[in-house]
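Q: Let me see the structure of the following:
(chains A and B)
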Amino acid sequence: NAGVMQNPRHLVRRRGQEARLRCSPMKGHSHVYWYRQLPEEGLKFMVYLQKENIIDESGMPKERFSAEFPKEGPSILRIQQVVRGDSAAYFCASSPPFSRAPQETQYFGPGTRLLVL
Amino acid sequence: AQSVSQHNHHVILSEAASLELGCNYSYGGTVNLFWYVQYPGQHLQLLLKYFSGDPLVKGIKGFEAEFIKSKFSFNLRKPSVQWSDTAEYFCAVNALYGNKLVFGAGTILRVKS
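A: The predicted structure follows:
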């Protein structure tokens, strides 16, 4: 039973380029979350998606960042025109559809380490 | 807004010492509480969680945590640490019926053999 998959694990970009980070949730999970971890800080929520819907993007920077979770395929976090301050670890988590319980645990992927030169 | 405070950023212990990592949160409503661990080079793994019921929660690898509602705390404990417990530990909270996790800054634990 594969866990949450993220690729690439490491990504190097020059300033001004685009970064695309992919996340495949665990089997049976339809909720995806993206978090960012800056050096020396905890994880910060960015966005919560269900298939074809953005549910909560309150943590997303207003510009250059976007996320999608299409009907088919992985969730994508896209960062346009990257800057040095975007260097961080980006983690994806997934959870199953809410059932009788009001909450489900989020399971995390290995992260993508983005380095902007 | 919710926030989570972890008291110590770095902790160094010898093997067999007891561990307690502090976690306090600020939120007025009902919350769900989590401890995650990140071993060197690996992804975050769930150690334990509290949704409701017995405030003393047992997790994997001999860890436990106690939810004290009056103190807004969810401290992590282990009676006797091992070298393999060297990792970073994150406390996290989300509101009941909420979705986003709010994380503390993390505590890096180093266990000396």
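Q: What's opposite the spatially most central residue of chain A in the beta bridge?
A: Nearest to the mean C-alpha position of chain A, counting by Cα atoms, centre = their mean, stands A:Trp34 at 3.2 Å. Beta bridges link A:Trp34 to A:Val47, A:Cys92, judged by DSSP bridges.
Q: List the residues that contact it.
A: Contact criterion Cβ atoms under 8 Å, 6 or more residues apart in numbering or on different chains gives A:Cys23, A:Phe45, A:Met46, A:Val47, A:Leu49, A:Ala67, A:Ser75, A:Leu77, A:Tyr90, A:Phe91, A:Cys92, A:Ala93 as the residues in contact with A:Trp34. Yep, even glycine has a C-beta here, placed from its N, CA and C like the rest.
Q: same thing with A:Lys44?
A: Applying Cβ under 8 Å, 6+ apart, we find A:Lys44 in contact with A:Tyr35, A:Arg36, A:Gln37, A:Leu38, A:Gly59, B:Phe103.
Q: which non-adjacent residue is nearest the third one?
A: Using Cβ to Cβ, 6 or more residues apart in numbering or on different chains and skipping the chain neighbours, the partner closest in space to A:Gln37 is A:Ala89 (4.4 Å).
Q: Please apply the same query to the first one.
A: Excluding the flanking residues, the one nearest A:Tyr35 by Cβ to Cβ, 6+ apart is A:Leu43, at 4.1 Å.
Q: Isn't the one you found up against A:Gly59?
A: No - A:Leu43 sits out of contact with A:Gly59 when judged by Cβ atoms under 8 Å, with a separation of 10.3 Å.
Q: And stretch A:66-77, how far out from the chain middle?
A: Centroid separation for stretch A:66-77 versus its chain: 9 Å, with Cα atoms, centre = their mean, to the nearest Å.
Q: and it, C-alpha only, in CSV?
A: Output in CSV follows, covering the C-alpha atoms of stretch A:66-77 (Å, rounded to 0.1, in the frame of the first residue of the first chain):
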residue,chain,number,x,y,z
SER,A,66,-1.1,28.1,-7.8
ALA,A,67,-2.3,24.6,-7.1
GLU,A,68,-4.6,22.1,-8.8
PHE,A,69,-5.8,18.6,-8.2
PRO,A,70,-7.3,17.4,-11.5
LYS,A,71,-9.8,14.6,-11.9
GLU,A,72,-7.0,12.4,-13.2
GLY,A,73,-3.4,12.5,-12.2
PRO,A,74,-1.5,14.0,-9.3
SER,A,75,-1.9,17.3,-7.6
ILE,A,76,0.4,20.0,-8.8
LEU,A,77,1.9,22.9,-6.9
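Q: Pull out the buried residues from that stretch.
A: Under the neighbour-count criterion of 16 or more other Cβ atoms under 10 Å in any protein chain shown, stretch A:66-77 has A:Ala67, A:Glu68, A:Phe69, A:Pro74, A:Ser75, A:Ile76, A:Leu77 buried.
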